[in-house]
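1. next come a sequence and a model predicted from it.
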Amino acid sequence: MKHANQFRKVAIQAALKGGEIVQKCKDRIKRVGYKGVVNLVTEADRFSEDAIIKIIRKDFTEHNILTEESKGYDKKSDYKWIIDPLDGTTNYAHGFPVYCISIALEKEREIILGVVYNPVLEELFVAEKDRGAFLNGKRIHVSKTSELSKSLLATGFPYDIRESQVNNLDHFENFALKAQAIRRAGAAALDLCYLAKGIFDGFWELKLSPWDTAAGSLMVKEAGGKVTDFSGKRFSIYQKNILATNGKIHTQMMTVLKMGKKI
């Protein structure tokens, strides 16, 4: 319990610091780089990551770290911190206020802690394995919507959408005809948190990385939702595809995903 409390304290401190930094930088972005044709990185990403790592390293020098913007640190430890210092960088660079900081802690290949901070609305999401999911200290739960036709879904498109035929456009079209509506906000960690909060009823996406889903997937599970791959098998953050729902429309979404084109 003592360790769990310290893990949570440090993760929250790091997420809040990351949020503070990106907010201070947002009106004076000087450099925007490209990791791909449509995949951006800003100075704020790097400043946020440096600050987060510094806070974690102060208390947990022996832990592994995996981040989006750097190679991370590989040590002989059962613990690994998985960090996205700015999820929604493209939104951030364009002044669209949908982005967040995501931090998760993995122990022996299982996520035991997730913290996601939305600095725009000052929303702090925290989930711990077997201890529930919370928003600003108040427990949250997934929605009770049981029909896909009445569901609000969320998704995103991969960075290689221009080059690859596996680009989610087929699934988007199929769901657009089956669900009440779909939103594509551009920050997977926040999408998963809003699913945990009961705003979204379902979320699917492909070609994601561990830092995109580590904290958010735990948030959904601890809020009473279900997370698998597209075929309903056990989900791992090291897989590329994720299906997350309130549990009530999971089978219905799997059925629609099966309608996608076979490449």
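-> Nice, thanks for sending it over. Just so it is clear, the model here is predicted, and its values are computed rather than measured. Numbers count the residues shown, from 1 in each chain.
2. how about the nearest residue to residue 247, chain neighbours excluded?
-> Nearest non-adjacent residue to residue 247, counting by Cβ to Cβ, 6 or more residues apart in numbering: residue 226, 4.2 Å away. C-beta here means a position set from N, CA and C on the backbone, and glycine is covered the same way.
3. burial of that neighbour, as a residue count?
-> Counted by other Cβ atoms under 10 Å, the residues lying close to residue 226 total 20.
4. and for residue 91?
-> 20.
5. pretty sure it sits against residue 188.
-> No. With contact defined as Cβ atoms under 8 Å, residue 91 does not reach residue 188; the gap is 11.7 Å.
6. circling back to that earlier point, report the beta-bridge partners for the residue nearest to residue 247.
-> As for beta bridges, residue 226 partners with residue 245 under DSSP bridges.
7. please tell me how far it sits from residue 249.
-> For residue 226, the distance to residue 249 (Cβ to Cβ, to the nearest Å) stands at 9 Å.
8. check residue 224 too.
-> Taken as Cβ to Cβ, the span from residue 224 to residue 249 is 13 Å.
9. swap in residue 137?
-> Distance from residue 137 to residue 249, by Cβ to Cβ: 29 Å.
10. between the two, who's got more neighbours?
-> Neighbours around residue 137 and residue 249, counted as other Cβ under 10 Å, are more numerous at residue 249. The numbers are 23 against 7.
11. now for that one: which residues touch it?
-> 145-148, 151, 201-202 (Cβ atoms under 8 Å, 6 or more residues apart in numbering).
12. ok, 6 Å please
-> Going by Cβ atoms under 6 Å, 6 or more residues apart in numbering, residue 249 touches 148, 151, 201-202.
13. how near is the closest residue in space to residue 221 that isn't next to it in sequence to residue 52?
-> Leaving aside its sequence neighbours, residue 221 sits nearest to residue 227 (Cβ to Cβ, 6+ apart; 5.8 Å). Plainly put, residue 227 is 24 Å away from residue 52 if you go by Cβ to Cβ.
14. higher neighbour count, the two?
-> residue 52 (26 against 23).
15. from residue 166, how far off is that one?
-> Distance from residue 52 to residue 166, by Cβ to Cβ: 32 Å.
16. okay, now the unreliable bits of this structure?
-> The chain contains residues with pLDDT under 70 at 1-2, 29-41, 69-74, 160-161, 262-263.
17. which parts of it are strands?
-> For the chain, applying DSSP state E gives strands covering 32-34, 40-42, 64-67, 79-87, 100-107, 110-118, 123-128, 132-135, 138-139, 152-155, 181-183, 202-205, 226-228, 242-245.
18. can you redo these as CSV with distance to residue 24?
-> Shown next, in CSV, are the strands of the chain (distance: least, Cβ to Cβ, whole Å):
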stretch, distance to residue 24
strand 32-34, 17
strand 40-42, 13
strand 64-67, 20
strand 79-87, 13
strand 100-107, 13
strand 110-118, 14
strand 123-128, 18
strand 132-135, 24
strand 138-139, 28
strand 152-155, 28
strand 181-183, 28
strand 202-205, 30
strand 226-228, 34
strand 242-245, 32
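19. so which of these comes closest to residue 14?
-> strand 100-107 (5.8 Å; Cβ to Cβ).
20. list the strands paired with that closest one, with their directions.
-> In the sheet, strand 100-107 lines up with strand 79-87 (antiparallel), strand 110-118 (antiparallel) (DSSP bridges).
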